[in-house]
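# One predicted model, sequence on top.
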Amino acid sequence: MQPMPPEAPAEETKNVADSGRTLCPVCNCRMSPLYEIRRFDPPLDIWKCAGCALQSNLTRPDNLGELYSEGYYTGEADYTYEDERKNEAANDQVWQARLKTIQKTNPAPASFLDVGCSFGGFVEAASRAGYAARGLDLSHFAVQEGRKRGRDLYCGPVDEPTFPAEDFNVITLIEVMEHLPDPARAARTFHHWLKPGGLLLIQTANFDGLQAKREGPDYHYYLPGHLFYYSAANLKRLLAVAGFRRFKLYRPVDFPLAAKLRKMKLQSAPQSPGFQRLLRTSMYHLKGRMALGDFALTSSMVLYAWK
Ligand SMILES: [Zn+2]
């Protein structure tokens, strides 16, 4: 039998079809176009899976490292938010509160890895809480800066050989999962690195939330470098396929509102953050707790998954 010549894809979809990016990494269904987000140049091409509603940003450079230049970490790139080095005292309020929640099931002393650790502020907070804490980041710049502060940081991608099997009791990804280009492989890698009973903590936006649905293409979470947009349901499904067995979902976040307000006060010092802003944050937090099943008013979530 003669081999069939490969079918030539239509010109406008050639690049994405060639790259295999239109198959959903969670459920293998085909993805189809959802939005073109024109506030960026080039516009972001967002596709959505018909099976599990995972969304993917097909606009990405061939070399993802291009997105994480020094400017990304110093707040100069137009799609980043802050230089974390200037806000460590404020962020520490939230880091400490989060560590208290982690301690309830996976207490120190234990080995701890923060993936996408940037300068390693959270790594240092975990060390102070008694964990043997390390960090991993793609950026040479951020890792070098963090090491100058005495933090145990590694530079590299999420790649299985980076660490031995069953090396960690806790792995955290704070606003990082959405950056990873191969979610299924990343989930398997985290499972491989964790000891039995180990905890994987993922904070990312929940696209099942009313906030993301209502704001549509205007939702601020659509950014260059954010490659996948999850829901609680499809994130759990991805992790379950990789072998994770037990889940706990926190909405909006896994720490109390008081920690967030303390963070805001320190961020705005010496001026106080203003009653309006504190009230807005408090209302957002309370709205975030209005959630039942897949329904949630806001799109904030933190998923804990245990091996
Ligand atoms: Zn899917």
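Here it is on my side, so go on. Numbering: from 1, shown residues only.
# Run a quick neighbour tally on whatever residue of the stretch 101-250 of the chain ends up closest to the ion.
The stretch 101-250 of the chain approaches the ion most closely through residue 234 (6.2 Å), counting by CB to the ion. The C-beta positions use only the backbone N, C-alpha and C, and glycine is treated the same way. Neighbours of residue 234 under the rule other CB atoms under 10 Å: 24.
# Please give the number of neighbouring residues around the closest residue to it other than its chain neighbours.
Leaving aside its chain neighbours, residue 234 sits nearest to residue 52 (4.2 Å; criterion: CB to CB, 6 or more residues apart in numbering). Residue 52 sits with 19 neighbouring residues when counted by other CB under 10 Å.
# just checking, residue 52 is part of a strand?
No - assignment of residue 52 by DSSP: H, G, I helix; E, B strand; the rest coil gives coil, placing it outside any strand.
# what about it, distance to the ion?
Separation of residue 52 from the ion (CB to the ion, to the nearest Å) stands at 3 Å.
# That residue touches residue 25, doesn't it?
No - Residue 52 lies out of contact with residue 25 (CB atoms under 8 Å); the separation is 9.9 Å.
# neighbours around the closest residue to residue 42 other than its chain neighbours, how many?
Closest residue to residue 42 apart from its sequence neighbours, by CB to CB, 6+ apart: residue 59 at 5.8 Å. Each residue near residue 59 was counted by other CB under 10 Å, and the total is 16.
# who touches residue 59 in this structure?
40, 42-45, 224 (CB atoms under 8 Å, 6 or more residues apart in numbering).
# next one: residue 107
Listed by CB under 8 Å, 6+ apart, the contact set of residue 107 is empty.
# mind checking which helix or strand residue 59 is in?
Under the criterion of DSSP states H and E, residue 59 resides outside all helices and strands.
# And the pLDDT for it?
pLDDT, residue 59: 93.
# ditto for residue 112
Here the pLDDT value assigned to residue 112 is 98.
# Unless I misread the structure, it falls within a helix.
No - if the criterion is three-state DSSP, then residue 112 is strand and not within a helix.
# Mind listing the residues bridging to it?
Per DSSP bridges, the residues bridged to residue 112 are residue 133, residue 170.
# For it, give me its contacts.
123, 126, 131-134, 168-172.
# what about it, distance to residue 123?
Separation of residue 112 from residue 123 (CB to CB, to the nearest Å): 8 Å.
# and if you look at residue 249?
Counting by CB to CB, the gap from residue 249 to residue 123 is 25 Å.
# Comparing the two, which residue is more hemmed in?
The residue with more neighbours, out of residue 249 and residue 123, is residue 123; 27 against 17, by other CB under 10 Å.
# those helices in the protein, which residues are they?
For the chain, applying DSSP state H gives helices covering 14-19, 70-73, 88-105, 121-128, 140-148, 183-193, 210-215, 232-241, 257-267, 275-288.
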